[in-house]
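# Any chance you could fold what I've pasted below:
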Amino acid sequence: MTIVKVLVDAVGDYNAGDIVEDAPAGLVEIAKRQVRNAATGKLLAEIIEGDIASTHTASERELNLQEELDESKKREAELLAQIAELQSDIQNGDLDDELKELKSVAKEMKITGYTKMSIEELKEAIAATGGAAGGE
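Below is the predicted model of the structure:
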């Protein structure tokens, strides 16, 4: 049941101040869309109580925002999985050993800034200077 309060005179069969219980669909639609009087700009009616969700249809903007939110949540889940995998690798020492080995090679090759490079950057720098990445 939807209860609508009429705010101006002559909205259908209703006048200003009328509280319409179990309001007809047309009156609910007027309140839901926030229709205004063309001359005064005043709202014609407002929903006081009721199942607004059942009468509400999502706008294109709402649908786009929901889609973006879903994509963001999916991306977040992917990133969290990557973080968990990297943390697992670090705990196992795999990346630490590889990083140490690459830094050692970079030091021998006198690559500037090697101490601040990631594994991938080190591999690229070593390959660019003619060395085998990872001691391969």
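# Can you tell me how far the residue nearest in space to the middle of the chain is from E78?
Centroid check for the chain by CA atoms, centre = their mean gives L69 as the closest residue, at 3.0 Å. According to CB to CB, to the nearest Å, L69 and E78 sit 15 Å apart. (C-beta placed from N, C-alpha, C; glycine too.)
# and what of M1?
Taken as CB to CB, the span from M1 to E78 is 45 Å.
# With just CA atoms, put stretch 6-18 into CSV.
Provided in CSV are the C-alpha atoms of stretch 6-18 (Å, rounded to 0.1, in the frame of the first residue of the first chain):
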residue,chain,number,x,y,z
VAL,A,6,-1.1,15.8,-2.4
LEU,A,7,0.7,19.2,-2.2
VAL,A,8,-1.3,21.4,-4.5
ASP,A,9,-5.0,21.7,-5.5
ALA,A,10,-6.5,19.9,-8.4
VAL,A,11,-4.3,16.9,-8.8
GLY,A,12,-6.8,14.5,-10.3
ASP,A,13,-9.7,14.4,-7.8
TYR,A,14,-7.5,15.5,-4.9
ASN,A,15,-6.7,18.8,-3.4
ALA,A,16,-3.7,20.2,-1.4
GLY,A,17,-3.3,18.5,2.0
ASP,A,18,-5.1,15.3,1.0
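# which residues sit against that stretch?
Residues from elsewhere that reach stretch 6-18 (CB atoms under 8 Å, 6 or more residues apart in numbering): 5, 19-20, 24, 26-27, 30, 37, 40, 42-46.
# Next SSE downstream of the helix or strand where the residue nearest to the centre of the chain lies?
L69 is located in helix 60-92, with elements delineated by DSSP states H and E. The helix or strand immediately downstream of helix 60-92 is helix 94-108, counting by DSSP H and E.
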